[in-house]
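> only the shape, not the letters, is given here:
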């Protein structure tokens, strides 16, 4: 017998029932943005590989400049000029200086660089230094950025553009990442017509398959969209069976009527094992989850808003688990613009729009009955009212998870 | 004469000097995710187009159930059964009921639906109702979600998966969006080698062109990556000229040495007009911006960290301006894990990692000298220390802009 589970129990079950697939592939750096790193990345060399100047100026031994000033500059013979992109494979003589450009190599035994602005070229082969240097000033030393063995990115990281830059810096031009999952999406319901069709009496457009395709593609999956299947158990069973063969995970949405829900349970049981029947959240209670072999097969609610929240809250963590993805998410603190009541006994999710006034962030709940897709349209994020909470007063502080643009 | 400008002055200049291009194209819904909406979207019909039940049960006139209870149910003859996906083009008789599935059509003159759980089928053509209905209970009425003329998404919105769902619901299967911009990226510097090459003495790998390509692609642009050009003014001028012809905007990065910076200014002046020479932020001061016709041409600092911040803080808003993109961004409140000093007189940006302990978010600044790319690697976001602030004590509250994964 399967009871309705709390969200925490469902997330714990995902952890215990599903393991990372550890399926990896190697991609060139330019295709690695947004992919999930499949191994720790450690540097194999020093970056930079030589001592560098951070300014245009003159490399010196700091001790040769101690005590100098505008009035009494230190006068140092110019020993050499380092050019950009060339090495400086020599030692700075005591009491002399070497011209270096920004980013240029600094010769051995130089310990600091004086900026051009504090120097004067006397034109006779000597340079006047009007400001004392401190050791280390205006220099980056070999290995300051990375050294061999230093881990710069951890397995599971979703690679950002800054990470791509770091990988380029250490010469990691190929990256081992988790293989993309293929997720099958099936909508079921006799009332559904494709979005391009004008609904007849009693019909509505299929919202879930285009929405889930967009969500899962943005989440880094390939999507096999099987479209709409009518409420016929044999036909549905055949479609689910095919999808299980062709995909790494299958999402069946719709069938919120009792008969179809039961059919979905039977179909999942016929291809594998039922793990879950119902989650104590609103919207989204009539959710089922099973396993066909090691592949997850989920039955999402037909209501688009419920399907959306179940996908965000449970399907994405499940797909993240399979790919070893770091699922850390951040929330913003905001004040709710109006009082809002909640159903006692179930965690309740609301979409909201965010606005900032006088530095304070405000969350305006988007009102609407469950199943009405426009409560999602234009949303910037969502918040949860805990199961033990009967509602929120106006101006209550809440944590909003940002979704806008994704 | 061009003075160093504050970040606010630079953003105001972007608004005044550049206007939305208003170049649009129409894409199918399945390609619209992440695109910038080029017009307000209003519904042209009612959603739903008929009164619907939100539960499996019996449609009734609420007044026929007033006063009923478990002990004394209201006994109503079953007038008809509505099937899923079919209309209910008839009126409910007074004192009778109609069976409806979840999502099914409710007949005229019914004003509520009683859940199956509170009813009993006596098997003789009558149904016992054990719980009084209130008008409107368990129903969604025609147009509850949208009605003709209701604006559901505003011009400038970056379309999310939920928005895709809303567009499917109203049958908007093609969407007018801003055309993607093509941005040219050029790295310059005699010290640069491509990431796949082992740097020789005095050389470093080109970080900026792969990083900028990843950033701008994720931001929704096409990128023409022109790779590395040596510090030769004539050659660079030719490359910039070509890029201006082929692209909507050109980013030249590197050339932080005085001579090359001057060359970049001269090149921008030769193809158009110089607008800006220097921004009062750290890192990123040596930034230039000009216009070739109406096309922006920017000279970014060569230091990767500086190039990163200039792109986030100014280039993306500029590209957003050209495409009419809503640039609202959210920050999270966190406490800084260690004290941090700042240069008086310039706004100073730091990357950080975020961790949550006991419900409180902490920001760990990633230490490193400007130009060292690994201060970006693994960052979850960044924060700013204001120009008038000399530093932050440990545990100070800061606003962090989230970047992880992008």
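Good, I have the coordinates. Here the structure is a predicted model, which means the values were calculated and not measured. Numbering: from 1, shown residues only, chains lettered A, B, ... in the order given.
> quick one: the strands in the stretch 301-406 of chain A?
Using DSSP state E, counting those that start in this stretch, the strands of the stretch 301-406 of chain A run over A:331-336, A:340-341, A:347-357, A:360-365, A:381-385, A:391-392, A:397-402.
> from these, which stretch is densest packed?
strand A:381-385 (a mean of 22; mean count of other C-beta atoms under 10 Å in any protein chain shown). From N, CA and C alone the C-beta is placed, and that goes for glycine too.
> quick check: neighbours of that strand in the sheet, parallel or antiparallel?
Strand pairing for strand A:381-385, determined by DSSP bridges: strand A:347-357 (antiparallel), strand A:397-402 (antiparallel).
> the ones you listed: which one's closest to residue B:83?
Closest of these to residue B:83 is strand A:347-357, at 31.3 Å (criterion: C-beta to C-beta).
> so for that closest one, mean pLDDT?
Over the span of strand A:347-357, the pLDDT mean works out to 87.
> how about residues contacting it?
The contact list for strand A:347-357 (C-beta atoms under 8 Å, 6 or more residues apart in numbering or on different chains) reads A:6-7, A:280-284, A:305, A:309, A:313, A:332, A:334, A:336, A:340, A:342, A:361-366, A:375-376, A:378-387, A:400, A:402, A:404, B:162, B:328, B:330.
> separation between residue A:161 and chain B?
Distance, residue A:161 to chain B, by C-beta to the nearest C-beta, to the nearest Å: 4 Å.
> please enumerate the helices of the stretch 1-150 of chain A.
Ranges of helices within the stretch 1-150 of chain A are A:7-17, based on DSSP state H, counting those that start in this stretch.
> so who does the residue of it found nearest chain B touch?
Nearest to chain B in the stretch 1-150 of chain A, going by C-beta to the nearest C-beta, is residue A:87, at a distance of 2.5 Å. The contact partners of residue A:87, taken as C-beta under 8 Å, 6+ apart, are A:50, A:105, B:200, B:201, B:202.
> list the beta-bridge partners for the closest residue to residue A:403 other than its chain neighbours.
Leaving aside its sequence neighbours, residue A:403 sits nearest to residue A:381 (C-beta to C-beta, 6 or more residues apart in numbering or on different chains; 5.1 Å). Beta-bridge partners for residue A:381, by DSSP bridges, are residue A:352, residue A:402.
> let me see the contact set for residue A:381.
Under the criterion of C-beta under 8 Å, 6+ apart, the contact list for residue A:381 reads A:332, A:351, A:352, A:354, A:363, A:400, A:401, A:402, A:403, A:404, B:330.
> quick check: the first one touching residue B:332?
It refers to residue A:332. Yes. Residue A:332 lies in contact with residue B:332 (C-beta atoms under 8 Å); the separation is 5.3 Å.
> flag every residue of the stretch 201-350 of chain A that's near chain B.
Contact residues, the stretch 201-350 of chain A versus chain B (C-beta under 8 Å from any C-beta of the partner chain): A:201-208, A:210-215, A:217-218, A:231, A:256-258, A:302, A:304, A:308, A:328, A:330-333.
> now do the helix or strand bottoming out on mean pLDDT in chain A: distance to the chain's middle.
Ranked by mean pLDDT, DSSP states H and E, the weakest helix or strand in chain A is helix A:258-271, scoring a mean of 79. Mean C-alpha position of helix A:258-271 versus that of the full chain (C-alpha atoms, centre = their mean, to the nearest Å) differs by 34 Å.
> any idea which helix or strand comes after it?
Proceeding N to C from helix A:258-271, the next assigned helix or strand is strand A:273-277, under DSSP states H and E.
> list the beta-bridge partners for residue A:114.
Beta-bridge partners of residue A:114, counted by DSSP bridges, are residue A:58.
> so who does it touch?
Residues in contact with residue A:114 (C-beta under 8 Å, 6+ apart) are A:57, A:58, A:60, A:65, A:97, A:129, A:131, A:133, A:137, A:138.
> give me the pLDDT for the fifth one.
By that I understand residue A:97. Reported pLDDT at residue A:97 in the predicted model: 98.
> can you list the buried residues in stretch A:166-185?
Within stretch A:166-185, the residues scored as buried using 16 or more other C-beta atoms under 10 Å in any protein chain shown are A:166-173, A:175-185.
> now, which of the residues you listed lie close to chain B?
When those are checked against chain B using C-beta under 8 Å from any C-beta, the ones in range are A:166, A:167, A:168, A:169, A:170, A:171, A:172, A:173.
> so which of these sit within helices?
A:166, A:167, A:168, A:169 (DSSP state H).
> could you dump these to TSV with pLDDT?
Below are these laid out as TSV (pLDDT from 0 to 100):
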residue	pLDDT
A:166	90
A:167	93
A:168	94
A:169	91
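> closest one to residue B:292 out of those residues, please.
If you rank these by distance to residue B:292 using C-beta to C-beta, residue A:168 comes first, at 28.0 Å.
> list the contacts for that closest one?
Residue A:168 makes contact with A:29, B:195, B:205, B:206, B:207, B:210, B:211, B:373, according to C-beta under 8 Å, 6+ apart.
> returning to that earlier point: which ChimeraX command selects the buried ones in the residues of the stretch 201-350 of chain A next to chain B?
This is the ChimeraX syntax for the buried subset of those, where burial follows 16+ other C-beta under 10 Å:
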select /A:202,203,204,205,206,207,208,210,211,212,213,214,215,217,218,231,256,257,302,304,308,330,331,332
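> need phi/psi at the one residue in the stretch 151-300 of chain A that gets nearest to chain B.
Per C-beta to the nearest C-beta, residue A:201 is where the stretch 151-300 of chain A lies closest to chain B, at 2.5 Å. The phi and psi values for residue A:201, taken as degrees, to the nearest 10, are phi -60, psi 130.
> low pLDDT regions in chain A?
Across chain A, the ranges flagged by pLDDT under 70 are A:1-2, A:255-261, A:344, A:368-373, A:404-406.
> any idea which residue sits dead centre in it?
Nearest residue to the geometric centre of chain A (C-alpha atoms, centre = their mean): residue A:158, 5.0 Å.
> how near is that residue to residue B:309?
Relative to residue B:309, residue A:158 is positioned 21 Å away (C-beta to C-beta, to the nearest Å).
> cool, residue A:176 as well?
In terms of C-beta to C-beta, residue A:176 sits 29 Å off from residue B:309.
> equivalent analysis for residue A:49, please.
Noted for residue A:49: a distance of 25 Å to residue B:309, by C-beta to C-beta.
> just want to know which of these two has more residues nearby.
Using other C-beta atoms under 10 Å in any protein chain shown, the more surrounded residue of residue A:49 and residue B:309 is residue B:309, with 27 against 20.
> go ahead and confirm that one touches residue B:287.
No. Contact between residue B:309 and residue B:287 fails when scored by C-beta under 8 Å: they sit 9.6 Å apart.
> now render the contacts of residue A:168 as a markdown table, adding distance to residue B:152 and secondary structure.
Listed next are the contacts of residue A:168 as a markdown table, based on distance: C-beta to C-beta, whole Å; DSSP: H, G, I helix; E, B strand; the rest coil:
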| residue | distance to residue B:152 | secondary structure |
| --- | --- | --- |
| A:29 | 40 | helix |
| B:195 | 45 | coil |
| B:205 | 48 | strand |
| B:206 | 45 | coil |
| B:207 | 42 | coil |
| B:210 | 39 | helix |
| B:211 | 37 | helix |
| B:373 | 43 | helix |
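> now these in CSV, with distance to residue B:119?
Shown next, in CSV, are the contacts of residue A:168 (distance: C-beta to C-beta, whole Å):
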residue, distance to residue B:119
A:29, 63
B:195, 69
B:205, 73
B:206, 72
B:207, 69
B:210, 65
B:211, 64
B:373, 67
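> just those now: which is nearest residue B:121?
Distance ranking of these against residue B:121, using C-beta to C-beta, places residue A:29 first at 65.6 Å.
> which phi and psi does the closest residue to the closest one other than its chain neighbours have?
Distance criterion C-beta to C-beta, 6+ apart; nearest residue to residue A:29, sequence neighbours excluded, is residue A:173 at 5.0 Å. Main-chain torsions, residue A:173, degrees, to the nearest 10: phi -90, psi 0.
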